[in-house]
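Peer 1: Next come a sequence and a model predicted from it.
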Amino acid sequence: MEVILIQDVAKLGYKDDIVKVKNGYANNYLLPQGLAIIATPSNKKVHAENVRQQAFKEEKLRKDADTLKAALDGKTVRIITKVGENGQLFGAIGNIQIAEALKEQHNYDVDRKKIVVDGSKIKTVGNYTAQVNIHKDIKAQVNLEVVSE
């Protein structure tokens, strides 16, 4: 029996794959769990159209991500914060502060969850590098400069 996978299934295939499986596996597991649909000719046509539209949307997202990467790569973000003795910060600088500084200084709105700093948090004054995960395989490097008030 041929089925179209709706979700990724371990050791079988990925979403939108058309795979051939045994009737019992399809009828007793894949179909009731909502992991697949039967690959009838009409479902195959709908699937082909959905894959085509998905590819078009993915291409547009990739182009937007490339332009954002070109704009962000190599930018320096200056973060001014209160510092105690020995260059130690009061608290730490995390993704939220970096995202806010990018918005204020360079007018780029980046989701804070997509920012990864060298260490987990910045706790001293100095220069750091942050990676912005824009798309699955498109990443930009941003330089951070942490200075005292």
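Peer 2: Perfect, thanks for sending it.
Peer 1: Am I right that residue 37 is in a helix?
Peer 2: No. Assigned with DSSP: H, G, I helix; E, B strand; the rest coil, residue 37 falls outside any helix and is strand.
Peer 1: For the protein, which segments count as strands?
Peer 2: Taking DSSP state E as the test, the strands found in the chain are 2-5, 18-20, 36-38, 76-81, 88-93, 115-117, 122-124, 126-133, 139-148.
Peer 1: helices or strands up against the last one?
Peer 2: The reference is to strand 139-148. Packed against strand 139-148, as judged by 3 or more C-beta pairs under 8 Å, 6 or more residues apart in numbering; DSSP states H and E, are the following elements: helix 41-72, strand 76-81, strand 88-93, helix 95-106, strand 122-124, strand 126-133. In this view, the C-beta of every residue, glycine as well, is placed from N, C-alpha and C.
Peer 1: Give me the distance between that strand and the centre of its chain.
Peer 2: Centroid separation for strand 139-148 versus its chain: 20 Å, with C-alpha atoms, centre = their mean, to the nearest Å.
Peer 1: Compute the inter-axis angle for it and strand 126-133.
Peer 2: 150 degrees (axes from the mean of the first three to the mean of the last three C-alpha atoms, to 10 degrees).
Peer 1: Can you show me the CA trace of strand 139-148 as PDB?
Peer 2: Extracted in PDB, the C-alpha atoms of strand 139-148 (Å, rounded to 0.1, in the frame of the first residue of the first chain):
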ATOM      1  CA  LYS A 139      23.500  31.900  10.100                       C
ATOM      2  CA  ALA A 140      25.000  35.400  10.700                       C
ATOM      3  CA  GLN A 141      27.800  36.500  13.000                       C
ATOM      4  CA  VAL A 142      27.300  39.600  15.100                       C
ATOM      5  CA  ASN A 143      30.100  41.200  17.100                       C
ATOM      6  CA  LEU A 144      29.200  42.300  20.700                       C
ATOM      7  CA  GLU A 145      31.000  45.000  22.600                       C
ATOM      8  CA  VAL A 146      30.100  45.100  26.300                       C
ATOM      9  CA  VAL A 147      31.200  48.400  27.900                       C
ATOM     10  CA  SER A 148      30.600  50.000  31.300                       C
END
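Peer 1: mean confidence for that strand?
Peer 2: Mean pLDDT, strand 139-148: 91.
Peer 1: Please shift the residue numbers so they start at 17 in all later answers.
Peer 2: Done: numbering now begins at 17, and the last item shifts to strand 155-164.
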